[in-house]
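Q: Attaching a predicted model along with its sequence, questions to come.
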Amino acid sequence: MLITERVKSVKNLTYTIRSAVEADGEALSDLRLQIDGETENLDREPGEAFIDSKGFQSLIKADSESERNLFLVAETDGRLVGFSRCEGTDLKRFKHKVEFGVGVLKEFWGFGIGKNLLQESISWADENGIKKMTLNVMETNEGARKLYEKLGFEVEGILKNDKQLADGKYYNMLVMGRMHF
């Protein structure tokens, strides 16, 4: 599905949040690869589950045509600096919900990009009859967890020792959800 683009200004940075378009494929492939290497809060090591330009183009096309999916990007000065995606399913028992994921370049943390991508996704979900949004977050990622809670998400469960990081230790993941009726 598509949204109307929004322009945001935070701390002297102006950026646009808009629906991804197929022409973003190459930039998204590069962006995701870079973000994966900047933080261990995400699921992948750099290069794992790599999606090339054509793969992103196919994903964007399918998401744009789907009523259950939303693919957003954040752009400043012609450069993609973040993205988010809501993915739903056509299975009748789960049509009421979508899963949310987000990534923002580290140099652009602190400008509300992730928060605004999530708020746009929440608005889209609420306006389109989606009753539940879910996400997973590392238990140690307090900043993200507090943001999610502020926007109405609650911890629904803990996946114990679910992720192993470069330090060799295992970390818990929190399953969070937001209901809207």
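A: Arrived safely, thanks for sending. Residues are numbered from 1 along each chain as shown.
Q: Could you check how far the top helix by length along the chain is from the centre of its chain?
A: Counting residues, the longest helix in the chain under DSSP state H turns out to be helix 113-127. When distances are taken as Cα atoms, centre = their mean, to the nearest Å, helix 113-127 is centred 10 Å away from the chain's centroid.
Q: C-terminal to it, what's the next element?
A: Beyond helix 113-127 on the C-terminal side, the first helix or strand identified by DSSP states H and E is strand 132-138.
Q: In this structure, what residue spans correspond to strands?
A: In the chain, the segments counted as strands under DSSP state E are 6-10, 13-19, 70-76, 79-87, 97-104, 132-138, 154-164, 170-179.
Q: Need the residue closest to the centroid of this structure.
A: Central residue of the chain (Cα atoms, centre = their mean): V102, 2.1 Å from the mean position.
Q: from what I can see it touches V81, true?
A: No - using Cβ atoms under 8 Å, V102 makes no contact with V81, being 12.0 Å away. No exception for glycine: its C-beta is placed from N, CA and C like everyone else's.
Q: follow-up on the earlier one: between strand 79-87 and the longest helix of the chain, find me the angle.
A: Helix 113-127 runs at 40 degrees relative to strand 79-87, counting by axes from the mean of the first three to the mean of the last three Cα atoms, to 10 degrees.
Q: what's helix 113-127 packed up against?
A: Contacts defined by 3 or more Cβ pairs under 8 Å, 6 or more residues apart in numbering; DSSP states H and E place helix 113-127 against strand 6-10, strand 13-19, strand 70-76, strand 79-87, strand 97-104, strand 132-138, helix 142-150.
Q: Go through these and pick out the most buried.
A: The highest average neighbour count among those, using mean count of other Cβ atoms under 10 Å, belongs to strand 70-76 at a mean of 23.
Q: average pLDDT across that one?
A: Mean pLDDT, computed over strand 70-76, is 98.
Q: can you list the weak-confidence ranges in this protein?
A: Nowhere does the chain drop to pLDDT under 70.
Q: Apart from its chain neighbours, what residue comes closest to I158?
A: Leaving aside its sequence neighbours, I158 sits nearest to N172 (Cβ to Cβ, 6 or more residues apart in numbering; 5.3 Å).
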